[in-house]
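> Could you work out the structure for the sequence below:
(chains A and B)
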Amino acid sequence: MTEYIIRRVLLAVPTVVLVIFATFMIVRLVPGDIVELILAERPYASEAERAQIEKDLGLDEPMPIQFVRYLGDVVRGDLGNSYWTARPVTAEIKSRMPVTAELGLYSILLGLVIALPIGILSAVRQDTMSDYFSRSFAILALSVPYFFTATLLIVFPPKWGWAPPLTYKGWSDGPIEHLYYFFFPALLLGVGLAGAVMRMTRTMMLEVLRQDYIRTAWSKGLRERSVISRHALKNAFIPVITIIGLQVGVALSGTIILESIFNMPGIGRYLVGAIFQRDYPSIQGVVLILGVSVVVVNLLVDITYAWLDPRIHYS
Amino acid sequence: MAGTQVTTPFGVPIDRPESRLPFYVDVLRRLVREKPLGLIGGVLVVMYFIAAIAAPLIAPYGPNELGAGPRLGGPTLDNFMGTDNLGRDIFSRVIYGARVSMTIGFVAVLIATLISLVVGALSGYFGGLFDILAQRLIDAFIAFPGLVFIIAVGAIFTDTQISGLPKSGVFQTQNVILAITIGVLLGVGSSRIIRGAALSVKSTAYVEATRATGATHTRIILFHVLPNVMAPTITLATLGLGTAILSESALSFLGLGVSPDTATWGGMLNREARTFMSQNAWIAIFPGLALSMAIFGFNMLGDALRDLLDPRLRTG
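Numbers count the residues shown, from 1 in each chain, chains lettered A, B, ... in the order given. Model (predicted):
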């Protein structure tokens, strides 16, 4: 187990370096003179300001040295200063990251709470009304984009005298207000994520339910609850975890959209704003953090996977 | 399904195989007979293609034509999806929106198919160092949140104008870059599946026999590996079009995709439009429905094709 974890962590290192390299290249791939583009927003910039921007972006040295310096800065947690807010990008991200992480976490949890029971029921009661109903729900969840459902949620209920909360409520405003505020975006994103997880759960359950040992469990006279939860679920669940791992990236993409709709002060909305402001240090910083988070979460999922399924070690 | 009995030249009676339709005609027949949802998806996909190609013939007004009706009007015989805050006909905008989405989606899928076939077939067929390096790179790619990647590439080229491309319309620089980015993203993901298919074809006896007759690698890849990975390629392309349309709409919704002066489904739902939706909800409903139905159509057709063409890929 320890050996597997070490091997898996070592494999993640080049991926993280690749992500850092990709964000490093964002500024350098901009066609034309990026300093010129940034200065276009401030027509009266002096020659000294121009040199400062060039230095800030680390464009005043040969490329390999630039990268080593960038790598060093990233490791020390220095992502430069935002042109938009004039604060360090690290500080901007630090204050916004919890919102995004919370939204992502709640939506994945809600997605699982919706997907797993329905997926299991759908498999156990294959080809009944409840199966058809669940599958239609999954198809709907996969087809209707959450920015459409979110738009409908914001536009329609106010006509009937109720509106989803659109002003941010932190923990300090009271935990109930806080969770109530997060509930709607998390639910919409969760439903979107649930579609894929549900289909996977159903397929894997059907696969497992056909196995001999399940028949044995039935013939022993075990109750349905016991056959399903103690025998079938354990094995069906393993591939589902991979899908959940993949959903983390999807959920982070989703938070960008939902933060923008629900006015949430997370890093997704910050990224969108930074692009409109041509604030390249912030764009780099946010892309870096989002990329690295996904790599780390996937690493954790892989380790969980190995912990749940001992056969993994030998491969 | 026993056919009629015939006798071979050696006098052995065997069942004559049923006369078979060409493979893809048979797939089409089974789609109609066995996959009602897939058929609905197929019909929707054809409808959207027609809407995209014949937009000027179908739409009664131009996408940006002002005064096509009253401002913020509900559905009438003249504007049967209503009108927006500038008095533009929503039905016409939805139809032209299909043109933008389908074009970007189609170009993206074309690029994706090319990438997935080249990378997947080479990686699977030759293996070795190229395979190892390519797979590590693909790992990093897949780990990255897709929308973030598309947004980051878009940010690099916000102020770029590729010479030779028009400054507005469907083929303006930003749309082309968007299509390429989505295409690369889809192609890299799909190449995994093509690689797997190429790997299994490579180790079959008939490929070995072909190799024994002295066929070159190029010949084996072109005439044996590629035809055998066509089934997953078609499935991936169909599902990929849905994903591409969704990505384009999400970006246009955020205001980062197709330029705001072009009618797109995502753009019609965005922040500016939202301020008028409380007065006229039809602004929100029709573009959203058009988008959802398109994604539904491609997903259903793709799922059905996967079951019919390659049951191994079935996911439920």
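
> and the residue of the stretch 1-150 of chain B found nearest chain A, how many residues sit next to it?
Of all residues in the stretch 1-150 of chain B, B:L147 sits closest to chain A, with a separation of 3.4 Å (C-beta to the nearest C-beta). Where C-beta positions appear, they are placed from N, C-alpha and C, glycine not excepted. For B:L147, the tally of surrounding residues (other C-beta atoms under 10 Å in any protein chain shown) stands at 26.

> cool, and the one 5 residues further on?
B:A152 has 26 neighbours, counted by other C-beta under 10 Å.

> secondary structure element for it?
Secondary-structure assignment from DSSP states H and E places B:A152 in helix B:146-156.

> Would you mind measuring from A:I139 to A:S82?
According to C-beta to C-beta, to the nearest Å, A:I139 and A:S82 sit 42 Å apart.

> ditto for A:E3
For A:E3, the distance to A:S82 - C-beta to C-beta - is 43 Å.

> For chain A, which helix or strand comes out least confident on mean pLDDT?
Least confident helix or strand, chain A: helix A:34-39 with a mean of 76, by mean pLDDT, DSSP states H and E.

> picking that back up, so for A:I139 and A:S82, which residue has more residues nearby?
In terms of neighbours (other C-beta under 10 Å), A:S82 is the more surrounded of A:I139 and A:S82; the figures are 23 against 19.

> check contacts around the closest residue in space to the more buried one that isn't next to it in sequence.
Distances taken as C-beta to C-beta, 6 or more residues apart in numbering or on different chains put A:S282 closest to A:S82, at 4.7 Å, once the chain neighbours are dropped. Applying C-beta atoms under 8 Å, 6 or more residues apart in numbering or on different chains to A:S282 gives the contacts A:S82, A:Y83, A:W84, A:V89, A:E92, A:Y270, A:L271, A:A274.

> Residue 203: neighbour count?
With no chain named, the answer covers chain A. A:T203 is flanked by 19 other residues according to other C-beta under 10 Å.

> My question was about chain B, not that one.
Around B:S203 sit 8 other residues, with neighbours defined as other C-beta under 10 Å.

> In contact with B:I150, which residues?
Taking C-beta under 8 Å, 6+ apart, we find B:I150 in contact with B:L178, B:T181, B:I182, B:L185, B:S247, B:L251.

> nearest to B:E208, of those?
For B:E208, the nearest member of the contacts of B:I150 is B:L185. The distance, counting by C-beta to C-beta, is 35.3 Å.

> quick one: contacts for that closest one?
B:A112, B:F141, B:G146, B:F149, B:I150, B:S247 are the contacts of B:L185 under C-beta under 8 Å, 6+ apart.

> Identify the residues contacting A:I34.
Applying C-beta under 8 Å, 6+ apart, the residues near A:I34 are A:V27, A:L57, A:L59, A:Y280.

> Tell me, please, where in the stretch 1-150 of chain A the pLDDT is lower than the cut-off.
By pLDDT under 70, the low-scoring segments of the stretch 1-150 of chain A are A:41, A:43.

> before we move on, what about the stretch 1-150 of chain B?
Low-confidence regions of the stretch 1-150 of chain B, defined by pLDDT under 70, span residues B:1-6, B:8-10, B:14-20.

> Now for the contacts of B:L185, which sits with the most neighbours around it?
B:A112 (29 neighbours).

> Kindly confirm my reading that that one is in a strand.
No: note on B:A112: no strand contains this position according to DSSP: H, G, I helix; E, B strand; the rest coil, which reports helix.

> need the helices for chain B, in chain order.
Read by DSSP state H, chain B holds these helices, from start to end of the chain: B:23-34, B:36-53, B:55-58, B:90-126, B:128-143, B:146-156, B:173-202, B:205-212, B:217-220, B:226-228, B:230-254, B:265-268, B:271-277, B:282-309.

> And the stretch 101-250 of chain A, by the same measure?
Listed in chain order, the helices of the stretch 101-250 of chain A (DSSP state H, counting those that start in this stretch) span A:129-143, A:146-155, A:175-209, A:212-219, A:224-226, A:233-261.

> Near chain A, which residues of the stretch 151-300 of chain B are found?
B:151-152, B:154-160, B:246, B:249-250, B:253-256, B:266, B:269, B:271, B:274, B:277-278, B:281, B:284-285, B:288, B:291-293, B:295-296, B:299-300 (C-beta under 8 Å from any C-beta of the partner chain).

> Just the buried residues out of those residues, in PyMOL syntax.
To isolate in PyMOL the members of those that are buried, counting by 16 or more other C-beta atoms under 10 Å in any protein chain shown, one can use:
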select buried, chain B and resi 151+152+154+155+156+157+246+249+250+253+254+255+256+266+269+277+281+284+285+288+291+292+293+295+296+299+300
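
> coming back round to it: hmm, the next helix or strand after the least confident helix or strand of chain A touching chain B?
Along the chain past helix A:34-39, the next helix or strand (assigned with DSSP H and E) turns out to be helix A:47-56. No: judged by C-beta under 8 Å from any C-beta, helix A:47-56 stays clear of chain B, getting no closer than 15.7 Å.

> Residues contacting helix A:47-56, please?
Applying C-beta under 8 Å, 6+ apart, the set of residues contacting helix A:47-56 is A:V35, A:I38, A:L39, A:R42, A:D60, A:G80, A:N81, A:P281.

> OK, contacts around the last one?
A:P281 makes contacts with A:D56, A:L57, A:L79, A:G80, A:N81, A:S82, A:Y83, A:V89, as judged by C-beta under 8 Å, 6+ apart.

> same deal with the second one?
Applying C-beta under 8 Å, 6+ apart, one finds that A:I38 lies in contact with A:I53, A:Y83, A:R278, A:Y280.

> Number of residues surrounding the first one?
Looking back up the chat, that one is A:I53. Here the count is done by other C-beta under 10 Å, and A:I53 has 20 residues near it.

> The last one too?
Number of residues near A:Y280 (other C-beta under 10 Å) recorded here: 24.

> Tell me the predicted confidence for the residue in the stretch 101-250 of chain A that chain B sits nearest to.
When you check the stretch 101-250 of chain A against chain B by C-beta to the nearest C-beta, the closest residue turns out to be A:T203, at 3.2 Å. A:T203 carries a pLDDT score of 86 in this model.

> mind checking how far it is from B:A51?
Spatial separation of A:T203 from B:A51 under the definition C-beta to C-beta is 34 Å.

> which non-adjacent residue is nearest residue 149?
This is for chain A. Beyond its immediate neighbours in the sequence, the residue positioned closest to A:T149 (C-beta to C-beta, 6+ apart) is A:L188, lying 5.2 Å away.

> Please refer instead to chain B.
In space, not counting the residues next to it along the chain, B:F149 is nearest to B:L185; the distance is 6.1 Å by C-beta to C-beta, 6+ apart.

> hey, C-alpha coordinates of stretch A:261-276 in CSV?
Once non-C-alpha atoms are left out, stretch A:261-276 reads as follows in CSV (Å, rounded to 0.1, in the frame of the first residue of the first chain):
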residue,chain,number,x,y,z
ILE,A,261,-25.0,33.4,-12.0
PHE,A,262,-25.4,33.4,-8.2
ASN,A,263,-22.9,36.2,-7.6
MET,A,264,-20.7,34.0,-5.5
PRO,A,265,-17.3,35.4,-4.6
GLY,A,266,-15.3,32.4,-5.7
ILE,A,267,-12.3,32.0,-7.9
GLY,A,268,-14.4,31.0,-11.0
ARG,A,269,-16.2,34.4,-11.1
TYR,A,270,-12.8,36.0,-10.4
LEU,A,271,-11.3,34.2,-13.4
VAL,A,272,-14.1,35.5,-15.7
GLY,A,273,-13.6,39.0,-14.4
ALA,A,274,-9.8,38.8,-14.8
ILE,A,275,-10.2,37.8,-18.5
PHE,A,276,-12.4,40.9,-19.2
